[in-house]
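1. I need the structure of the sequence given here:
(one chain, ligands or ions: 2)
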Amino acid sequence: MTEVVSLPLTAWSGEIEGGLRARGVEALEAGAVLAFPALCFQVRDDELDLLAPQVGAKSKNISLSPGGDALKGVEGDEARARRMQQMIGRFADQAEAMARSLLAPYAGALQRARTSFRPEEIAGRQTSWRKDDTRLHVDNFPSSPTRGKRILRVFANINPADEPRHWRLGEPFERLAERYVPALPRPLWGSAQVLNALGITKAPRSAYDHYMLHLHDRMKADQGYQRTAPQSTWEFAAGSAWMVFTDQVSHAATQGKCALEQTFLLPVQAMQDGERAPLRVLERLMARKLA
Ligand code: SIN
Ligand code: FE
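-> Numbering: from 1, shown residues only. Ligands and ions are numbered 1, 2, ... in the order given. I've put the predicted structure just below:
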């Protein structure tokens with residue numbers, strides 16, 4: 001079962017002691033969630049209005065590009081958008097500083113990707129089954145193939161009503177892969193090139209991306225699995241943060257609003273033990289290279 005390992009970080013910047021770093025990296029690669037109960041992202045008083053649900057919003061999340069210059073999904077006037085960008089950008093910088101310090105063994109290999117703000121209440125939200133993150137799944141990006149790179153995410157719960165964010169955590173990636181791999185369809189010859197030529201993907205999907213997307217979909221579509229899979233629940237308190245490889249750890253978010261999230265990509269080669277990467281697990285099971 002997925003473990004949650006708590007680390008006593010209290011600041012987003014500053015050097016982190018070697019023993020703590022080693023424990024963090026080991027637990028993370030083993031498929032644990034790292035929780036930071038005392039790591040609070042400070043929302044300024046003049047930003048509190050940004051946490052209210054967006055009226056008439058088309059997308060459930062607001063997201064900032066890796067360079068911090070392009071904001072998507074924000075409603076309201078120019079001044080509000082600028083303040084939103086500043087708040088999300090400040091979180092991105094702090095999450096990056098913390099990740100680089102805690103995961104010092106990855107050195108320059110960690111790549112900053114998008115940042116998101118998730119203002120809406122998750123419980124009771126209407127979405128398609130495929131986008132329904134209250135169902136256990138592993139992450140991957142339909143339009144941005146990772147070709148085996150790891151997806152690492154840092155979350156902060158900034159709920160102004162002091163309510164926790166509720167997650168479900170599932171079984172280890174190896175178990176998941178053993179269960180579903182035999183049922184996953186092979187990629188159709190030439191399909192990755194066609195999807196890319198049509199602009200549906202930003203780069204050609206590798207076989208790895210193909211299988212990860214199908215794994216994501218199979219898990220979410222399987223109601224029996226959702227009910228009976230080995231799982232536990234966890235509450236991340238308001239004013240706390242956590243970090244997890246979401247391509248590896250089976251997870252679902254079932255309740256809560258107002259979270260910030262920073263995504264990083266990490267090449268498998270940069271890991272302490274790359275054999276634990278989903279890419280390597282799938283390659284072992286299928287006995288061939290997938291990226
Ligand atoms: C997810 O990645 O499935 C959602 C996590 C969250 O918003 O808490
Ligand atoms: Fe997810």
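
2. neighbours of the residue in the stretch 1-150 of the chain that ligand 1 sits nearest to, how many?
-> The stretch 1-150 of the chain approaches ligand 1 most closely through residue 133 (3.6 Å), counting by CB to the nearest ligand atom. Where you see a C-beta, it was placed from the backbone N, CA and C, and this is true even at glycine. Other residues near residue 133 come to 18 when the count uses other CB atoms under 10 Å.

3. go on, the one 5 residues further on?
-> Here the number of neighbours of residue 138 (other CB under 10 Å) works out to 21.

4. confidence score at it?
-> Looking at residue 138, its pLDDT is 98.

5. isn't it up against residue 250?
-> Yes. The criterion here is CB atoms under 8 Å, and residue 138 meets it with residue 250 at 5.9 Å.

6. overlap of the contact sets of the two?
-> Counting by CB atoms under 8 Å, 6 or more residues apart in numbering, the common neighbours of residue 138 and residue 250 are 173, 176, 219.

7. what residues are up against residue 152?
-> Neighbours of residue 152 in contact, by CB under 8 Å, 6+ apart: 28, 99, 110, 243, 244, 245, 246, 263, 264, 265, 266.

8. between those residues, which is closest to ligand 1?
-> residue 246 (5.6 Å).

9. ok, now which ones touch that closest one?
-> Taking CB under 8 Å, 6+ apart as the test, what residue 246 contacts is 138, 139, 151, 152, 153.

10. please name the nearest non-neighbouring residue to it.
-> In space, residue 246 comes closest to residue 139 once its chain neighbours are excluded; the distance is 4.0 Å by CB to CB, 6 or more residues apart in numbering.

11. what's the local residue count around the one you found?
-> Neighbour tally, residue 139, other CB under 10 Å: 18.

12. and it, helix, strand or coil?
-> coil (DSSP: H, G, I helix; E, B strand; the rest coil).

13. so where do the helices sit in the stretch 101-250 of the chain?
-> 173-180, 191-197, 207-221, 223-228 (DSSP state H, counting those that start in this stretch).

14. which one of those helices is the most hemmed in?
-> Mean neighbour count (mean count of other CB atoms under 10 Å) peaks for helix 207-221 among the helices of the stretch 101-250 of the chain, with a mean of 21.

15. and it with ligand 1, contact?
-> No. Using CB under 6 Å from any ligand atom, helix 207-221 stays clear of ligand 1, coming no nearer than 10.0 Å.

16. related to what we said a few turns ago, let me see the contact set for the residue nearest to residue 246.
-> 151, 153, 216, 246, 247 are the contacts of residue 139 under CB under 8 Å, 6+ apart.

17. now whichever residue of the stretch 151-291 of the chain sits closest to ligand 1: which helix or strand?
-> Of all residues in the stretch 151-291 of the chain, the one sitting closest to ligand 1 is residue 253 (3.4 Å; CB to the nearest ligand atom). Per DSSP states H and E, residue 253 falls inside strand 251-255.

18. any buried residues in that strand, and which?
-> 251, 252, 253, 255 (16 or more other CB atoms under 10 Å).
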